[in-house]
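>>> I'd like to go over a predicted model; first the sequence, then the structure.
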Amino acid sequence: MNNADFWASVRAIIAEGFTPEGLHKLDTYAAEFISGRLVYQRFSPQEQHGCAAGGHANVIASLLAGAEVGTDSQDSPALSDYERECQRGAQQEAAIEQWAKAVGLWTDNVDEQLPQTLGEQIAEGGEAKVYDHGATLIKSIGLDYFIQPIFALDRIALHNTYFPETLLTVIGFGRDRQGEFKVIAEQPFIDGQPVSDTDIADYMRQMGFELKNARNWTYATPDIYLSDMHDENVIRSAAGTIFVVDCDIRINTPELRNGGTRVLTNEVRMNQ
């Protein structure tokens, strides 16, 4: 199966409304992705492993979003860049929502349901609400920073690649009471203390990242853009280990203006 055939197959599954046969085919594609037979060239091999580490739902949602990214020829020339982003985001949301409902991974009102089923809300940030689930945290992650679900899902893959000790596992999707799309993820709870900006900078240098902007805690390599690395998102355990529990991590393209060299692609290929 070549690239065009693969995406045509996924789009047909979406168009047909996720029939049992379509769901089975998606599960097969996810298994091939996780095994490495299906190579998603948007990611490096390590990043594809990070996506797989986010769970079966994360992989399928990433593929559904990839199928609905769109091309310039499919978009109306009258749309602004922002309107085009919103249109693509809505298409990706719709595909993921339809699939999640078909497989029982959809929550209609996360603001009401998560506290009732998974634990009380203990924190809220710019894009996520956090719920206490004992040994783990449940995060309801919005698209405020991303617009398109594919970029929020990229973030989960990249977080798991670079910070596997605080693995994000996707357990479902939903909408809040305002109708905003949410990714629901689970993460280990880490007990610790905040880390100073100086120690965070030293930690990031050891990982090969360069400080780009101290005012918004931004670091980068030519491959990865990493921001929001402040003392609320990075903690030190009692044993002295540093854990990154939250950050804004993206594929570093030239458009981000932080020395990025990556080009986004949704090409796939099959290993024999």
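Received it, and whenever you're ready, just let me know what you need.

>>> my guess is residue 173 contacts residue 96, does it?
Yes: applying CB atoms under 8 Å as the test, residue 173 and residue 96 come out as touching, 5.8 Å apart. No exception for glycine: its C-beta is placed from N, CA and C like everyone else's.

>>> which neighbours do those two share?
Common contact partners of residue 173 and residue 96 (CB atoms under 8 Å, 6 or more residues apart in numbering): 61, 181.

>>> quick one: the residue nearest the centre of the chain and residue 92, what's the gap?
Closest residue to the average C-alpha location of the chain: residue 153 at 2.0 Å, with CA atoms, centre = their mean. Going from residue 153 to residue 92 by CB to CB, to the nearest Å gives 9 Å.

>>> what is in contact with the two at once?
Listed as contacting both residue 153 and residue 92 by CB under 8 Å, 6+ apart are residue 65.

>>> What is the burial count for residue 185?
Residues within reach of residue 185, counting by other CB atoms under 10 Å, total 26.

>>> One more: residue 35?
When counting by other CB under 10 Å, one arrives at 10 neighbours for residue 35.

>>> contacting residues around residue 119?
131, 132, 133, 134, 138.

>>> Would you agree it falls within a helix?
No: using DSSP: H, G, I helix; E, B strand; the rest coil, the assignment for residue 119 is coil, not a helix.

>>> roughly how far apart are it and residue 8?
Separation of residue 119 from residue 8 (CB to CB) stands at 42 Å.

>>> Let's test this: what are the backbone torsions at the nearest residue to residue 207 once chain neighbours are set aside?
Excluding the flanking residues, the one nearest residue 207 by CB to CB, 6 or more residues apart in numbering is residue 162, at 7.3 Å. When read as degrees, to the nearest 10, the backbone of residue 162 gives phi -90, psi -20.

>>> Output the below-cut-off pLDDT ranges for the stretch 51-200 of the chain.
Along the stretch 51-200 of the chain, the parts satisfying pLDDT under 70 run over 70-79.

>>> Okay, helices next: where are they in it?
56-67, 81-102, 110-117, 149-162, 197-206 (DSSP state H, counting those that start in this stretch).

>>> Tell me which of those lies nearest to residue 267.
Across these, residue 267 has its closest neighbour in helix 56-67 (9.8 Å, CB to CB).

>>> Can you spell out which helices and strands pack onto the closest one?
helix 3-15, helix 20-35, strand 38-40, helix 45-53, helix 81-102, helix 149-162, strand 169-175 (3 or more CB pairs under 8 Å, 6 or more residues apart in numbering; DSSP states H and E).

>>> how far does the third one sit from the chain's center?
Using CA atoms, centre = their mean, to the nearest Å, the mean C-alpha position of strand 38-40 is found 17 Å from that of the whole chain.

>>> Paired strands for that strand, with orientation please.
With DSSP bridges as the test, strand 38-40 is paired with strand 268-270 (antiparallel).

>>> Could you list the residues in contact with the strand it pairs with?
Residues contacting strand 268-270 (CB under 8 Å, 6+ apart): 1, 2, 3, 6, 7, 32, 37, 38, 39, 40, 41.

>>> Of those, which count as buried by neighbour count?
With burial judged by 16 or more other CB atoms under 10 Å, the buried subset of those is 6, 7, 32, 38, 39, 40.

>>> show me the contacts for the first one.
So the one you mean is residue 6. By CB under 8 Å, 6+ apart, the contact list for residue 6 reads 29, 38, 268, 270.

>>> returning to that earlier point: go through the contacts of residue 119 and single out the one with the most neighbours.
Counting by other CB under 10 Å, top hit in the contacts of residue 119: residue 138 with 24 neighbours.

>>> Many thanks, I have nothing further to ask.
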